[in-house]
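> dropping the sequence and predicted coords here.
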Amino acid sequence: MTDILDRPASTNSDGRAEPLLRVSHLTKYYGHVAGCLDISFEMRPGEVLGIVGESGSGKTTLLNCISGKLAPTSGSIAFNSRRHGLVDIYDLSEPDRRRMQREDWGFVHQNPRDGLRMRVSGGANVAEPLMNLGRRHYGDMRQATMDWLSRVELDLGRVDDKPRNFSGGMQQRIQIARNLIHNPRLVFMDEPTGGLDVSVQARLLDLLRELVRDLGLAAIIVTHDMAVARLMADRLMVMKGGHVVETGLADQVLDDPQHPYTQLLVSSVLQI
Amino acid sequence: MTQEAAIRVDDLSKIFTLHNQGATSIGVFEALKLEVMPGECVVLAGESGVGKSTLMRTIYGNYLPTSGGVYVSHDGVPVDITKAPPHQVLEIRRRTLGYVSQFLRVIPRVSTLDLVVEPLLENGVELEEARERAITLLQALRLPEAHWELPPSTFSGGEQQRVNIARSFIREYPVLLLDEPTASLDAANRAIVVELINAALAKGAAMVGIFHDHDVRDAVATRLFNVSEYKAAA
């Protein structure tokens, strides 16, 4: 099933605004196994895109390709960076691409251990992106770190504790602060609340929602949790077998799904 | 006609196709036409299951019609919400089109006052002014002050409903969709909501509503619209 059910052409109504991200015909094969196939979409500044689908549908492959971690087999990913304007990220040299990632992007992993350095303190984890951008004023960085720790509602008295001494939910807060402190234009989130218990998850989602709104962040959130998708995303892409089978306004896709697979996905959610 | 309609529903048809139940098709309505002018409150009539809520949700862009369009006057320009890209639909909902449902979709942990203030903050109103307006409205709706700082998830049905109403009326949307906003309210609170609706109409808001309560319906409706006249052939 390869037909894409899309809302009609998303022309820029104002005609001038360049997209923040433009993905064109992105395809990734692992040997002869398809990861994701012929995916095209655009994102605007401040837009939150949810990518949903079951395990193995290609969500993570897509996220890894877009975020520069995995070169696609074909197709292009253009990002509007502060330094280079709208460029294909794989046309940039390796050092330029890495610098763009440090300056313009954040990446929140499902498992905080993948996104944090476990041997240095929570505070140092949060401050590190600023150091990587060449900031050297220790007092300013400390101040920014404290601001961010309080924004994500962490006890400032524990700034020097190592991540392993924090609970899973707190580690995730540290990871969020670390990925937002440098004022990115686009944040990738891979199941940001996946490993957390429900009460912690609700609080964290609420925090993320607030931050995204207050900072006008653009974000791509990969999740298999429809409730997370509804709460966070403006727009959804539903993936199955490497294809995008349906895309549209988040509440429309969830409340009036058109594609058989989306209908199955939405009707499989347990009600409480 | 000199004035532009606030909502123009044009040849709208809706068929639900349930792919996982043997591709069953359920036709709801077809070739439905409706115009709502500013200052009008059109109440949808017809028995249960005739498609009143489906029509309402399609006007809001929440359901996708099978064919036809829904033009909502946004900044004086009619925009077909069923074909607009997601960011534009969200922009229309943020500034033009409000929706009061029967249920409050609660966001965990957010206090009542913050919930009511949110639509104003999204539209750039200062926090101070937004809070004042929220308090005035919550007082008018007689929601006890002790509740304001609490998240509404533990409130009674009627209290949640009033939070929902406050959230929608605080913005003074030019176009408002009302899906049984008085369903779980007592008589005194119903009367307050009727007053709010009539005040908004007097200011030129356009409304489409579903009301099962006849007193409320008679108090706010400028005309009835019978959805069953457009019933899809079985």
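Structure's in. What do you need?
> every contact and neighbour count from this point should use C-alpha atoms.
OK.
> low-confidence ranges in the chain?
Using chain A. A:1-17, A:271-272 (pLDDT under 70).
> right idea, wrong chain: chain B
B:1-2, B:106-108, B:234.
> where exactly do the strands run in it?
B:7-18, B:24-36, B:41-45, B:67-74, B:77-80, B:97-100, B:175-179, B:206-210, B:223-226 (DSSP state E).
> so what strands line up beside the fifth one?
Sheet neighbours of strand B:77-80, with direction, are listed as strand B:67-74 (antiparallel) (DSSP bridges).
> now the first one
The pairing partners recorded for strand B:7-18 under DSSP bridges are strand B:24-36 (antiparallel), strand B:67-74 (antiparallel).
> how far away is the residue in chain B positioned nearest to chain A from A:Gly46?
Proximity of chain B to chain A (CA to the nearest CA) peaks at B:Asn62, 4.5 Å away. Going from B:Asn62 to A:Gly46 by CA to CA, to the nearest Å gives 21 Å.
> those two: who's more crowded?
Higher neighbour count among B:Asn62 and A:Gly46: B:Asn62, with 22 against 18, using other CA atoms under 10 Å in any protein chain shown.
> that one and A:Asp255 touch, don't they?
Yes - counting by CA atoms under 8 Å, B:Asn62 does reach A:Asp255; the two are 6.9 Å apart.
> where do the contact lists of these two overlap?
Counting by CA atoms under 8 Å, 6 or more residues apart in numbering or on different chains, B:Asn62 and A:Asp255 have no common neighbour.
> hmm, the longest helix seen in chain A touching chain B?
Assignment by DSSP state H gives helix A:198-215 as the longest helix of chain A. Yes - counting by CA under 8 Å from any CA of the partner chain, chain B is contacted by helix A:198-215 at A:202-203, A:206.
> identify, from those, the entry nearest to A:Gly58.
Nearest to A:Gly58 among these is A:Ala202, at 26.0 Å by CA to CA.
> and the residues of helix A:198-215 next to chain B, which of them are buried?
Neighbour-count burial (16 or more other CA atoms under 10 Å in any protein chain shown) applied to the residues of helix A:198-215 next to chain B gives A:202-203, A:206.
> circling back: so what does the longest helix of chain A touch, helix or strand wise?
Judged by 3 or more CA pairs under 8 Å, 6 or more residues apart in numbering or on different chains; DSSP states H and E, helix A:198-215 is in contact with helix A:168-180, helix A:226-232.
> deepest in the core, which of these is it.
Among the helices and strands packed on helix A:198-215, ranked by average contacts under mean count of other CA atoms under 10 Å in any protein chain shown, first place goes to helix A:168-180 (a mean of 25).
> so what's residue 217 closest to, chain neighbours aside?
Because you didn't say which chain, this covers chain A. A:Gly46 (4.7 Å; CA to CA, 6 or more residues apart in numbering or on different chains).
> other chain: chain B
Nearest to B:Arg217 is B:Phe211, by CA to CA, 6+ apart, at 5.7 Å.
> OK, contacts around that neighbour?
So B:Phe211 contacts B:43-44, B:179-183, B:217 (CA under 8 Å, 6+ apart).
> please repeat the previous calculation with a cut-off of 10 Å.
Shown in contact with B:Phe211 (CA atoms under 10 Å, 6 or more residues apart in numbering or on different chains): B:43-45, B:178-183, B:217-218, B:220-221.
> hmm, back to that, let me have the helices and strands packed on helix A:198-215 in JSON lines, adding distance to A:Asn132 as columns.
Below are these laid out as JSON lines (distance: least, CA to CA, whole Å):
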{"stretch": "helix A:168-180", "distance to A:Asn132": "12"}
{"stretch": "helix A:226-232", "distance to A:Asn132": "29"}
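> and chain B, which of those is closest to it?
It's helix A:226-232; of those, that one is closest to chain B (CA to the nearest CA) at 8.2 Å.
> contact partners of that closest one?
Against helix A:226-232 from outside (CA under 10 Å, 6+ apart): A:48-53, A:191-194, A:201-202, A:205-206, A:208-210, A:212-213, A:219-223, A:233, A:235-236, A:249-255, A:265-266, A:268-269, B:105, B:107.
> nearest to A:Asn64, out of the strands paired with strand B:7-18?
That would be strand B:67-74 among the strands paired with strand B:7-18, by CA to CA, at 37.6 Å.
> contact partners of that closest one?
B:4-15, B:30-36, B:58-61, B:77-83, B:91-93, B:95-97, B:174-175.
> got the angle for it vs strand B:175-179?
Counting by axes from the mean of the first three to the mean of the last three CA atoms, to 10 degrees, strand B:67-74 lies at 120 degrees to strand B:175-179.
> one step back: would a markdown table of the strands of chain B with distance to A:Ala229 and mean neighbour count be doable?
Below are the strands of chain B laid out as a markdown table (distance: least, CA to CA, whole Å; neighbours: other CA atoms under 10 Å in any protein chain shown):
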| stretch | distance to A:Ala229 | mean neighbour count |
| --- | --- | --- |
| strand B:7-18 | 22 | 20 |
| strand B:24-36 | 27 | 17 |
| strand B:41-45 | 32 | 23 |
| strand B:67-74 | 26 | 21 |
| strand B:77-80 | 25 | 17 |
| strand B:97-100 | 21 | 24 |
| strand B:175-179 | 24 | 25 |
| strand B:206-210 | 29 | 25 |
| strand B:223-226 | 35 | 16 |
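> so stretch B:175-190, near chain A or not?
No - using CA under 10 Å from any CA of the partner chain, stretch B:175-190 stays clear of chain A, with a minimum separation of 16.0 Å.
> in contact with the closest residue to chain B within the stretch 151-272 of chain A, which residues?
Of all residues in the stretch 151-272 of chain A, A:Gln252 sits closest to chain B, at 4.5 Å by CA to the nearest CA. A:Gln252 makes contact with A:230, A:235-236, A:258, B:57-58, B:60-64, B:86 under the criterion CA under 10 Å, 6+ apart.
> hmm, who's touching the helix ranked longest in chain B?
When chain B is parsed with DSSP H, its longest helix is helix B:187-202. Outside helix B:187-202, the residues within contact range by CA under 10 Å, 6+ apart are B:38-41, B:137, B:140-143, B:158-159, B:162, B:165-166, B:169, B:172-176, B:178, B:181-185, B:203-207, B:213, B:215-217, B:219-222.
> how about the residues of chain B near chain A?
Counting by CA under 10 Å from any CA, the residues of chain B that sit close to chain A are B:16-21, B:23, B:57-58, B:60-65, B:82-90, B:105, B:107-110, B:122.
> PyMOL command to pick out the buried ones of those residues?
Buried residues among the residues of chain B next to chain A (16+ other CA under 10 Å), as a PyMOL selection:
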select buried, chain B and resi 16+17+18+19+57+58+60+61+62+63+64+65+82+83+84+85+86+87+88+89+90+107+110
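> hang on, the earlier thing: so which of the contacts of A:Gln252 are in helices?
Counting by DSSP H, those contribute A:230, B:57-58, B:86 to helices.
> dump those residues to CSV, plus distance to B:His147.
Formatted as CSV, those follow (distance: CA to CA, whole Å):
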residue, distance to B:His147
A:Arg230, 26
B:Arg57, 30
B:Thr58, 34
B:Pro86, 35
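> residue contacts, the residue lying closest to B:Phe103 once chain neighbours are set aside?
Closest residue to B:Phe103 apart from its sequence neighbours, by CA to CA, 6+ apart: B:Gln161 at 6.6 Å. B:Gln161 is in contact with B:100-104, B:152, B:155, B:167, B:180-185, counting by CA under 10 Å, 6+ apart.
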